[in-house]
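S.K.: here's my sequence, what's the structure:
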Amino acid sequence: MVLLATAVAADAGAESRRLDKLVSKARKNRLPAAVAQAARPASAEPQRELYRVNAQYRGAVTKGFDGLGTVAVVFRPNGDDTFGIDLEADLKHPEKKTVSHFQARLAYRVDGTVLEPLSEKLDFSQEAQKHREKILQNAPFIYLMRYAAFPQLAKPEVDWKVAGHPFRVRYARAGKRMEATVFDGGRWIGKFFIEADPEHAPPHDYWKFRVNGKNDTVISFVADRDKKRTPRGENREATGE
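M.R.: Numbering: from 1, shown residues only. Predicted coordinates:
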């Protein structure tokens, strides 16, 4: 009788461990499906946002510059496994007083957390060429941070591949908002300040994002909206807060 009870207990323990593994696997596999679904919302209406551009030099001496121009962003969900994003900007150099222009129209296909570029139409002035790589790296994430579902905070990271290149997005709660930082290897390339709590379903709204530029320069893009909708701290953007 004792041997029988021991065998039954062992079988029950093994079954419990098997079920735990299945549940764990299901949870791990759930995120890519949720992300993929969120990246193709039912609505296919393009959405347009306008962002004011500020910059900060974070070298030995910190300098802040604001009013450097505007960037127009058009989010183009297609209602299937593809999406597009358009970027257009006229920017002033804070010290040289030169003006740079760029325009990018990009399209991607989404498969889980893998993005395949479908097309690109680019127009970068000579002055804007130095920022081209950073702009194109961040472009798909400007879209995804609006339409991708948040991961569970128990594992607040999502690994993406864009044209075969790996990126990692790390999420963190910041009061009633979420912050998402995009990493290329050990270096952050973009950061998004999202007006949503962790339970909020996409599309999300973010009031600011930053691009880690060249030569210790961080470029900030602040949504150009009525001030009463802007979270506290926007007017301190030039100080890097």
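S.K.: could you pull up the residues touching Leu118?
M.R.: Contacts for Leu118 (CB atoms under 8 Å, 6 or more residues apart in numbering) come out as Thr82, Ala107, Tyr108, Arg109. Any C-beta I mention is one placed from the backbone N, CA and C, and that applies to glycine too.
S.K.: now Phe167
M.R.: Neighbours of Phe167 in contact, by CB under 8 Å, 6+ apart: Gln137, Phe141, Asp159, Trp160, Lys161, Val182, Phe183, Asp184, Ile189.
S.K.: with Tyr206 instead?
M.R.: Contacts of Tyr206 by CB under 8 Å, 6+ apart are Met145, Arg146, Phe192, Phe193, Ile194, Glu195, Ala223.
S.K.: rerun at 7 Å
M.R.: Counting by CB atoms under 7 Å, 6 or more residues apart in numbering, Tyr206 touches Met145, Arg146, Phe192, Phe193, Ile194, Glu195.
S.K.: what of Pro198?
M.R.: Counted by CB under 7 Å, 6+ apart, Pro198 has contacts Phe150, Leu153, Arg173, Met178.
S.K.: if you set the cut-off to 10 Å instead, what comes out?
M.R.: Phe150, Pro151, Gln152, Leu153, Pro156, Tyr171, Ala172, Arg173, Arg177, Met178 (CB atoms under 10 Å, 6 or more residues apart in numbering).
S.K.: what's the neighbour count on the third one?
M.R.: Counted with other CB atoms under 10 Å, residues neighbouring Gln152 total 13.
S.K.: helix, strand or coil: sort out it for me.
M.R.: coil (DSSP: H, G, I helix; E, B strand; the rest coil).
S.K.: backbone dihedrals for it, please?
M.R.: Note on Gln152: its backbone torsions stand at phi -70, psi 140 [degrees, to the nearest 10].
S.K.: check the fifth one too.
M.R.: Backbone geometry at Pro156, expressed as degrees, to the nearest 10, gives phi -80, psi 40.
S.K.: contact partners for the nearest residue to it once chain neighbours are set aside?
M.R.: Using CB to CB, 6 or more residues apart in numbering and skipping the chain neighbours, the partner closest in space to Pro156 is Tyr171 (4.1 Å). The contact partners of Tyr171, by CB under 10 Å, 6+ apart, come to 145, 150-153, 155-158, 178-181, 192, 194, 198.
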